[in-house]
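1. The following block contains a protein sequence and its predicted model.
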Amino acid sequence: MNFHSKLIHGGIPEDASTGAVSVPIYQTSTYRQDGIGRHKGYEYSRTGNPTRHALETLIAELEGGLAGFAFASGLAALSTVMMLLKSTDHILLSDNVYGGTFRVVDKVFVNLGISYTLVDTSNLIEVENAITANTKAIFIETPTNPLMKLTDLSAIAKLAKKHGLLSIVDNTFFTPYLQRPIEHGIDIVVHSATKYLGGHSDLVAGLAVVNTEELKERIHFLQNAVGAILGPQDSWLLIRGIKTLAIRMDKAEDNALKLAQFLKTLPQVKQIYYPDMGAMISFELVSAEAAHKLLEGVQMIALAESLGGVESLISLPAAMTHASIPKHQREKLGISDSLVRLSVGIEDINDIIEDLKRGL
């Protein structure tokens, strides 16, 4: 089945008992059993829910993995995956990760005895040189947030296997429509499904997909034990959002390509970070004052956290999404006070451009 069709008909596309083409919202906490230990596949909705199961089956199919898992947020998905590690383990992180990822690793998991090293995962030599005797995993964002650096997933997967490491990729920015890490040999894919997969800024959700039976069993145990699961209402909303992923991404990407060309003509723009695909653009303005003027001057584009919705969103990473990263680390990476991040929506491109002109 073509990927466009798989978005709509993949996973569990209808209700088996009624034929409803929209999987029902099973708003229940528990399930009647026929006898002790005899149930119809579901016991308790923390362990499993039919609506959530339909979503988990869908994302596994879209990513080309063995099993999917749905969580209450992207960070809940990431944190559950991090629980595969134990005290004294070490992990390598892309040096330009989302601020929330850095925060939970640096402020939570470090307290549990897990150490980390920030590395430029686009540089394979640097990654290999950072591996220590207790390194157990490599966590990658590609493209990175907000500087859009790309990592060779096949090379990282090969390196991870060579050293017996777990490879984990945050695929939020590109989604399985543009990139499927498991096809490159990656072990685990995570998403902040709040973003492009949901696509309408109306839910908060996280997803994880694994490629082996062992990881399936371990993540399911953790999902059930920790309990940071996605509820049936949001599971249903996310399934609905995924159905239109292709047409939304096509339009947003087309807008982003045109917008990148427009930004090149502006004297106020010093540098543009755009990987020529996807719909996320970051750009450096001549000063922090210019950045503040832009963010406060736009009218249609919303000054807001998050990304990936149908509406265009603009932010200042240093003060918003990446504020939890120490200033010296931000400056070392290039996340300056004049760096602007733009999530390009699906509005008319002329309206987006006019709003940016007005802001500048």
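-> Okay, I see it.
2. how about residue 48, what does it touch?
-> For residue 48, the contacting residues are 41-42, by CB atoms under 8 Å, 6 or more residues apart in numbering. Where you see a C-beta, it was placed from the backbone N, CA and C, and this is true even at glycine.
3. Return the distance of stretch 223-232 from the chain's centre.
-> When distances are taken as CA atoms, centre = their mean, to the nearest Å, stretch 223-232 is centred 18 Å away from the chain's centroid.
4. what are the C-alpha coordinates of that stretch, in PDB please?
-> The C-alpha trace of stretch 223-232 is given here as PDB (Å, rounded to 0.1, in the frame of the first residue of the first chain):
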ATOM      1  CA  GLN A 223       4.600   1.600  29.900                       C
ATOM      2  CA  ASN A 224       2.300  -0.500  32.100                       C
ATOM      3  CA  ALA A 225       4.500  -0.200  35.200                       C
ATOM      4  CA  VAL A 226       5.100   3.600  35.000                       C
ATOM      5  CA  GLY A 227       1.600   4.400  33.500                       C
ATOM      6  CA  ALA A 228       2.300   7.500  31.500                       C
ATOM      7  CA  ILE A 229      -0.200   6.400  28.800                       C
ATOM      8  CA  LEU A 230      -2.200   8.300  26.300                       C
ATOM      9  CA  GLY A 231      -6.000   8.400  27.000                       C
ATOM     10  CA  PRO A 232      -8.500   7.200  24.400                       C
END
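5. Residues contacting it, please?
-> Stretch 223-232 has contacts (CB under 8 Å, 6+ apart) with 25-28, 45-47, 49, 51-52, 55, 69-73, 76, 79-80, 83, 205-206, 238.
6. and what of stretch 304-316?
-> Identification of contacts with stretch 304-316 by CB under 8 Å, 6+ apart yields 172-173, 194-201, 248, 279-280, 291-292, 294-295, 298, 300-303, 320-321, 337, 339-347, 352, 355.
7. Now do that stretch: distance to the chain's middle.
-> Going by CA atoms, centre = their mean, the spacing between the C-alpha centre of stretch 304-316 and its chain's C-alpha centre is 14 Å.
8. For that stretch, list every residue counted as buried.
-> In terms of neighbour count (16 or more other CB atoms under 10 Å), stretch 304-316 has its buried residues at 306-309, 312-316.
9. Next: stretch 223-234.
-> Counting neighbours by 16+ other CB under 10 Å, the buried set in stretch 223-234 is 223, 228-232, 234.
10. Let's have these in JSON lines, adding distance to residue 261 and secondary structure.
-> Formatted as JSON lines, the buried residues of stretch 223-234 follow (distance: CB to CB, whole Å; DSSP: H, G, I helix; E, B strand; the rest coil):
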{"residue": "223", "distance to residue 261": "44", "secondary structure": "helix"}
{"residue": "228", "distance to residue 261": "42", "secondary structure": "coil"}
{"residue": "229", "distance to residue 261": "43", "secondary structure": "strand"}
{"residue": "230", "distance to residue 261": "38", "secondary structure": "coil"}
{"residue": "231", "distance to residue 261": "42", "secondary structure": "coil"}
{"residue": "232", "distance to residue 261": "43", "secondary structure": "helix"}
{"residue": "234", "distance to residue 261": "37", "secondary structure": "helix"}
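11. re earlier: keep only those of the contacts of stretch 304-316 that are in strands.
-> Among the contacts of stretch 304-316, the residues falling in strands (DSSP state E) are 280, 302-303, 339-343.
12. Check those residues and tell me the two furthest apart.
-> Of all pairs drawn from the ones in strands among the contacts of stretch 304-316, the widest gap by CB to CB lies between 302 and 339 and measures 18.2 Å.
13. What helices and strands are in contact with the helix or strand harbouring residue 103?
-> If you go by DSSP states H and E, residue 103 is part of helix 99-104. Based on contacts counted as 3 or more CB pairs under 8 Å, 6 or more residues apart in numbering; DSSP states H and E, the elements that helix 99-104 packs against are helix 74-82.
14. and if we set it to 10 Å?
-> helix 74-82, strand 90-94, strand 188-192 (3 or more CB pairs under 10 Å, 6 or more residues apart in numbering; DSSP states H and E).
15. How far does stretch 125-133 sit from its chain's centre?
-> 25 Å.
16. returning to what we had before: which of residue 302 and residue 339 has more residues huddled nearby?
-> For residue 302 against residue 339, the residue with the higher neighbour count under other CB atoms under 10 Å is residue 339, and the figures read 25 against 17.
17. That one touches residue 286, doesn't it?
-> No. Taking contacts as CB atoms under 10 Å, residue 339 lies outside contact range of residue 286: 11.8 Å.
18. what touches both of the two?
-> With contacts taken as CB atoms under 10 Å, 6 or more residues apart in numbering, residue 339 and residue 286 have residue 270 as neighbours in common.
19. for residue 169, what are its contacts?
-> The neighbourhood of residue 169, defined by CB under 10 Å, 6+ apart, consists of 63, 94, 121, 138-142, 151, 153, 156-157, 179-182, 184, 186-191, 209.
20. between the longest helix anywhere in the chain and strand 339-343, how many degrees?
-> Across the chain, the longest stretch assigned as helix under DSSP state H is helix 245-263. For helix 245-263 and strand 339-343, the angle between their directions (axes from the mean of the first three to the mean of the last three CA atoms, to 10 degrees) works out to 140 degrees.
21. No further queries at this time; thank you.
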